[in-house]
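>>> Take this sequence and fold it.
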Amino acid sequence: MYLRSIVTCNARIWLVGLPKDMAAALTAMPPAQGLELEFSVYEDLPEKAEHTPSCIISSLAPGRADKARAFCDEDTLLVGWRGKTAEGDAAEISKVDDFWDAPEKDLLPYYFGWLQERIWRRYEAWLVHNWWQTTINMVPDLAWYKNLGGLHLEVNNALARTVGKTVEACRGQRHGVIWGLKPEEYEEGERVCLESDMKVVKTGKLMVGAEQVLENGEMRDLKTYKTPVFDKEGNIIGTAGVAQDVTLLNRYHKKILDMAHKDDLTGLSNRRFFYEYVSEYRKNQAVCIFSIDLDHFKSVNDTYGHKAGDEALKAVGEVLKASFPTGVVCRFGGDEFLVMLLGSLSEEAAKNMAEVCLDRLRERFHEQEQFRKLSGSIGIAVSHDIHYPIDELIKESDSALYAAKKAGRDCVCAAWEMDGKK
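Next comes the predicted model:
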């Protein structure tokens, strides 16, 4: 009832062919709450009208009901009035929404009160429907309503635009038809969609999920919200859904994670990612660390400029990824690189991998004149002790790297070969 105290419906009421005393009595009736009455009194229907009436109360002269309908829209009430002369047969009466059969004047307030209530209820239904349509069509998110059979009862403009169809073409259609799935995709797409809907129906609660759809040849990520729709008795009669396109958001999130975990220049993992990876995945596995450093890198920067130096660092990153495809390859800073392999690895195998890597670096550096002074030195350390601190193992590989440089650079040195370590 609160709406009726703050919203006013301008109800245009036509009185056509009624006795003058009855027309006068109706026009004197007070409006119900929420209504403002505007009467038009006619002997016969007018040729045209400036506005559509909310209600027409017309005598049932032959053919008048059909003529009156021409002035009505879907919300207009057409009331047939039969006076004491009993004009209007059953066929004519069947064409109206309500029928007043020779009402006495003292009953008019009852008849007219109920008529005003129906006018208000139709207006209220239109008002709420208009609010609903305005709301779902102004949001960029996709929205829909389905029955329990999976047919779309209604979709919003955003969904229709996304699938390249009109709202009308989407109504009454299944998921696969709306999204234009290929025949080989249709059955699986329908199954997945229906399973999702049935989970909502089974739990009777809002469910949040993630789905992917193909739009204009591009996969889009959707975050979906699906909820059951109930009737007055509390029975589930369908589902409602909203989907947010989070494709760009996911890309930005991935980009932020990449920025936090990757080196901008080489695209390799950075120090932060390395320690997070160790914390999550080392567990009870053996660890092998390779510390790699470029020889004569400063001379390349000084002679050919920092752009050439950057190209050299990127080349090293590519070689390391190719040489250690199952390892965690990181740039720790400057021309310092680190590779970690988890799992059991023999000392001989570790040295062989490092030697192969150096061979690939030599080949790569030999390809360009500005890189021919460059070479690489590698230090290796291995631990089978699951409790051995990773930083201590890195120190051992760094010490082995320093020994390789001291031995003349462009070579591999293992920590277990130094000072009798095993």
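>>> Show me what the longest strand along the chain is packed against.
Determined from DSSP state E, the single longest strand within the chain is strand 218-230. Applying 3 or more C-beta pairs under 8 Å, 6 or more residues apart in numbering; DSSP states H and E, we find strand 218-230 packed against helix 183-203, strand 207-215, strand 236-245, helix 247-261. C-beta here means a position set from N, CA and C on the backbone, and glycine is covered the same way.
>>> and it, which strands flank it?
strand 207-215 (antiparallel), strand 236-245 (antiparallel) (DSSP bridges).
>>> Check which residues of stretch 250-264 are buried.
By neighbour count on 16 or more other C-beta atoms under 10 Å, the buried set for stretch 250-264 is 261, 262, 263.
>>> quick one: the nearest residue to residue 103 once chain neighbours are set aside and residue 104, what's the gap?
Ranked by C-beta to C-beta, 6 or more residues apart in numbering and with sequence neighbours excluded, the top spatial neighbour of residue 103 is residue 111, at 5.6 Å. Separation of residue 111 from residue 104 (C-beta to C-beta, to the nearest Å): 10 Å.
>>> more crowded one of the two?
Set residue 111 next to residue 104 and count neighbours by other C-beta atoms under 10 Å: residue 111 wins out with 18 against 8.
>>> Skipping its backbone neighbours, what lies nearest residue 124 in space?
Distance criterion C-beta to C-beta, 6+ apart; nearest residue to residue 124, sequence neighbours excluded, is residue 3 at 6.3 Å.
>>> what's the answer for residue 250, then?
residue 221 (5.1 Å).
>>> Do you know the pLDDT at the one you found?
Listed pLDDT for residue 221 reads 88.
>>> So it is in contact with residue 210, correct?
Yes - using C-beta atoms under 8 Å, residue 221 makes contact with residue 210 at a distance of 6.9 Å.
>>> So for the two, which residue has more residues nearby?
residue 221 (17 against 11).
>>> For that one, list the residues it contacts.
210, 212, 245, 246, 247, 250 (C-beta atoms under 8 Å, 6 or more residues apart in numbering).
>>> Give me the mean pLDDT for stretch 336-355.
Stretch 336-355 comes out with an average pLDDT of 94.
>>> Check which residues of it are buried.
Here stretch 336-355 shows 336, 337, 338, 339, 340, 341, 342, 345, 350, 351, 353, 354 as buried, counting by 16+ other C-beta under 10 Å.
>>> of all those, which comes closest to residue 182?
Using C-beta to C-beta, residue 342 is the member of these that lies nearest residue 182, at 42.5 Å.
>>> The residue lying closest to that closest one once chain neighbours are set aside - how many residues pack around it?
Spatial nearest neighbour of residue 342, excluding adjacent residues (C-beta to C-beta, 6+ apart): residue 285 at 4.5 Å. Residue 285 has 12 neighbours, counted by other C-beta under 10 Å.
>>> so what sits against both of residue 221 and residue 210?
With C-beta under 8 Å, 6+ apart, residue 221 and residue 210 have no common neighbours.
>>> Spatially central residue for the chain, please.
residue 244 (2.3 Å; C-alpha atoms, centre = their mean).
>>> Now do the contacts for the closest residue to that residue other than its chain neighbours.
Nearest non-adjacent residue to residue 244, counting by C-beta to C-beta, 6+ apart: residue 223, 4.6 Å away. Applying C-beta under 8 Å, 6+ apart, we find residue 223 in contact with 208, 209, 210, 243, 244, 246.
>>> again, only using 10 Å
Going by C-beta atoms under 10 Å, 6 or more residues apart in numbering, residue 223 touches 141, 208, 209, 210, 211, 242, 243, 244, 245, 246, 249, 250.
>>> biggest separation within the residues you listed, which pair?
The widest separation within the contacts of residue 223 (C-beta to C-beta) is 17.6 Å, between 242 and 250.
>>> following the top helix by length along the chain, which helix or strand comes up?
When the chain is parsed with DSSP state H, its longest helix is helix 108-138. The first helix or strand that comes after helix 108-138 along the chain, using DSSP states H and E, is strand 142-147.
>>> I'd like to know which elements the helix or strand following that next one is packed against.
The helix or strand immediately downstream of strand 142-147 is strand 152-155, counting by DSSP H and E. Packing partners of strand 152-155 (3 or more C-beta pairs under 10 Å, 6 or more residues apart in numbering; DSSP states H and E): helix 108-138, strand 142-147, helix 157-163, helix 167-170, helix 175-178, strand 236-245.
>>> Relative to residue 195, which of these is closest?
Comparing the helices and strands packed on strand 152-155 by C-beta to C-beta, helix 175-178 comes nearest, at 11.3 Å.
>>> same for that closest one, what does it pack against?
Against helix 175-178 (3+ C-beta pairs under 10 Å, 6+ apart) you get strand 142-147, strand 152-155, helix 157-163, helix 167-170, helix 183-203.
>>> Just the residues contacting that helix, thanks.
With C-beta under 10 Å, 6+ apart as the test, helix 175-178 has contacts from 144, 146, 150-152, 155, 159-160, 162-165, 169-171, 181-183, 185-194, 196-197, 213.
>>> List only buried entries from those residues.
Buried among the contacts of helix 175-178 (16+ other C-beta under 10 Å): 144, 146, 150, 152, 155, 159-160, 162-163, 165, 170-171, 181, 186, 189-190, 193, 196-197, 213.
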